[in-house]
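Colleague: With the input below, show me the fold.
(one chain, ligands or ions: 1)
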Amino acid sequence: MEQFTEMLHLMPQWYWNLTVFVFGSIVGSFLNVVIYRLPLGQSIITPRSACPKCGHKITALENIPLISYILLGGKCSGCKTAISPIYPFVELLTALLFLATYFKHKQQLNFYAFFADLSFVAACICLIFIDYRHMILPDAITLRGTIVAILIRLFIPNPTAATASFFGIQFSALIVLTYLLFLAVEKFDYGVVRLAAYLLLLMITGGWLLMSMLYLEQYLDLQVTFLILWENYLGSRAWALSLANGLIGCTIGAGLLLALRQIYFVLRGIEGMGLGDVKMMLMVGFYLGWQLTIATLVIASLLGTILALAMFLQTGREVLKAKVPFGVFLGMAAIILTLYGQQILEWYFNNLISVRQ
Ligand SMILES: [Zn+2]
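Modeller: You can find the predicted model right below:
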């Protein structure tokens, strides 16, 4: 990675900062299209953007990120209808967050890791604004994002993935497998087939428990073999550690939200949150690893609580009935932790140790 860092010295610092900022604003203008069209089920490539009021096709000159909005005075050149300030805001936000991502990486620039972080931040920005506007988190981002996150973590190890316990991996794998089976069973709509599928699921799990009890010694031997394999071979491989961390991360992240959702459903009889948040945490969990996934849940809950309190003080009890787009807070927390996660973790562990001494 030396050559990348050296390449940076060929030009002055402000040049790269400006390049990243401009690149971010261009990406931001594309994210606007995704945010606007994806929930409506429209193609994000064609046709060219047009004014929703008068249908005026937006020209190339009117499509320059940030600058066009200022030059047009925030109005459509065809019908003078005000353009939502959300558009330039997304462009500016993306530009600034890309710049912050660059600052995180520029000391030791690994081009691939840098672009992986940029993609993750961009995906989070889309999810934040789509959830804010439509109260949904599209599978097209969350589930595909999970697949991309797995691929990224296979080749670009998670920098915080220092440890992953062997039993954590097994436990996570078991939960994920059971959940996948559960999902597969839920796909069957017909009573009898569904019942048969449940029975099959029960027989597999029951059979596995029975076997491990009947042949406990052999079972433990198998466990020890796996443990030795992990300790001596896989556990020291960056990609294996990174994948294991991701697996534990998405199990904790998605698992906790799923459990909360089920508890809420049992207590209140209504669905308090959608499955979108759960699917979003699959992506976040795999990308950030388990430590930062827990931090994401903590920070998102804090942000959500602060906002709920502020709204409660302003509007009173009404807020208790309002549906909260939790994906907005999860996205904000995930971005904060992508950028400053390492420092936050270090600060947390240093303070914890100094408290103990
Ligand atoms: Zn117009």
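Colleague: Run the contact check for stretch 38-53 versus the ion.
Modeller: Yes. Judged by Cβ under 5 Å from the ion, stretch 38-53 comes into contact with the ion through Cys51, Lys53. (C-beta placed from N, C-alpha, C; glycine too.)
Colleague: mind listing what's buried in that stretch?
Modeller: Buried residues in stretch 38-53, counted by 16 or more other Cβ atoms under 10 Å: Leu38, Pro39, Ser49, Cys51.
Colleague: Inside helices: which ones of those?
Modeller: Counting by DSSP state H, no part of the buried residues of stretch 38-53 is found in helices.
Colleague: elements contacting the helix or strand where Glu231 lies?
Modeller: If you go by DSSP states H and E, Glu231 is part of helix 216-232. Identification of packing neighbours for helix 216-232 by 3 or more Cβ pairs under 8 Å, 6 or more residues apart in numbering; DSSP states H and E yields helix 166-186.
Colleague: Can you name the element that comes right after the helix it packs on?
Modeller: Downstream of helix 166-186 (by DSSP H and E), the next one is helix 191-214.
Colleague: just how off-centre is that next one within its chain?
Modeller: 33 Å (Cα atoms, centre = their mean, to the nearest Å).
Colleague: And stretch 5-21, by the same measure?
Modeller: 29 Å.
Colleague: Kindly check the end-to-end length of it for me.
Modeller: For stretch 5-21, the first-to-last residue distance is 19 Å (Cα to Cα, to the nearest Å).
Colleague: returning to that earlier point: state the next helix or strand along the chain beyond the helix holding Glu231.
Modeller: Sequence order places helix 238-268 as the next helix or strand after helix 216-232, per DSSP H and E.
Colleague: If you compare the directions of that next one and helix 216-232, what angle comes out?
Modeller: 120 degrees (axes from the mean of the first three to the mean of the last three Cα atoms, to 10 degrees).
Colleague: rewinding a little: columns pLDDT on top of the buried residues of stretch 38-53, output as TSV?
Modeller: Below are these laid out as TSV (pLDDT from 0 to 100):
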residue	pLDDT
Leu38	91
Pro39	91
Ser49	84
Cys51	86
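Colleague: still on that earlier bit, dump the helix holding Glu231 to CSV, restricted to CA.
Modeller: C-alpha atoms of helix 216-232 as CSV (Å, rounded to 0.1, in the frame of the first residue of the first chain):
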residue,chain,number,x,y,z
LEU,A,216,-21.5,-37.0,24.0
GLU,A,217,-17.9,-38.2,23.9
GLN,A,218,-17.6,-38.3,20.1
TYR,A,219,-19.4,-35.0,20.0
LEU,A,220,-16.9,-33.4,22.3
ASP,A,221,-14.1,-35.0,20.3
LEU,A,222,-15.5,-33.3,17.2
GLN,A,223,-15.7,-30.0,19.1
VAL,A,224,-12.1,-30.3,20.2
THR,A,225,-11.1,-31.1,16.6
PHE,A,226,-12.9,-27.9,15.4
LEU,A,227,-11.3,-25.9,18.2
ILE,A,228,-7.8,-27.1,17.3
LEU,A,229,-8.5,-26.3,13.6
TRP,A,230,-9.7,-22.9,14.5
GLU,A,231,-6.9,-22.1,17.0
ASN,A,232,-4.1,-23.3,14.8
